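Engineer: Coordinates for the following, if possible.
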Amino acid sequence: MSWSLVLSVLAWAGTVSYLLAYLLVSRRTILPTGYVYQGMNLFGAVTLSAYSIQQRTWPALALNAAWALIGVHAVYSERRRLAMSQ
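Structural biologist: Reported below is the predicted structural model:
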């Protein structure tokens, strides 16, 4: 299996993860501040960033890298908030 195919499959999985996260939050099945939502977004951001690098689609890379940084910040902030409340 080629690296290109692996990245393509991961990019599709990341796309589904993004969309499913949005659907679940919109239906109030998961919380937007929860680890599930943030994890799904991080997975999508990382996989689509890798694919964007391979495809040399720089605007998509900028968007997904920013999305990943926001997700990392959200997870860090939530962990910090929980640690301070204990």
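
Engineer: my guess is Ser49 contacts Ala66, does it?
Structural biologist: No: using Cβ atoms under 8 Å as the test, Ser49 is too far from Ala66 to be in contact (9.6 Å). All C-beta atoms are positioned from the backbone trio N, CA, C, and that covers glycine.

Engineer: Tell me which of these two has more neighbours.
Structural biologist: Ser49 (21 against 12; other Cβ atoms under 10 Å).

Engineer: what sits against the more buried one?
Structural biologist: If you count contacts by Cβ atoms under 8 Å, 6 or more residues apart in numbering, Ser49 has them with 61, 64-65, 68.

Engineer: at 6 Å what do you get?
Structural biologist: Neighbour list for Ser49: 61, 64-65 [criterion: Cβ atoms under 6 Å, 6 or more residues apart in numbering].

Engineer: Test my guess that Leu61 contacts Gln54.
Structural biologist: No: under the criterion of Cβ atoms under 6 Å, Leu61 makes no contact with Gln54, lying 9.9 Å away.

Engineer: Compare those two and say which is more crowded by neighbours.
Structural biologist: Leu61 (18 against 15).
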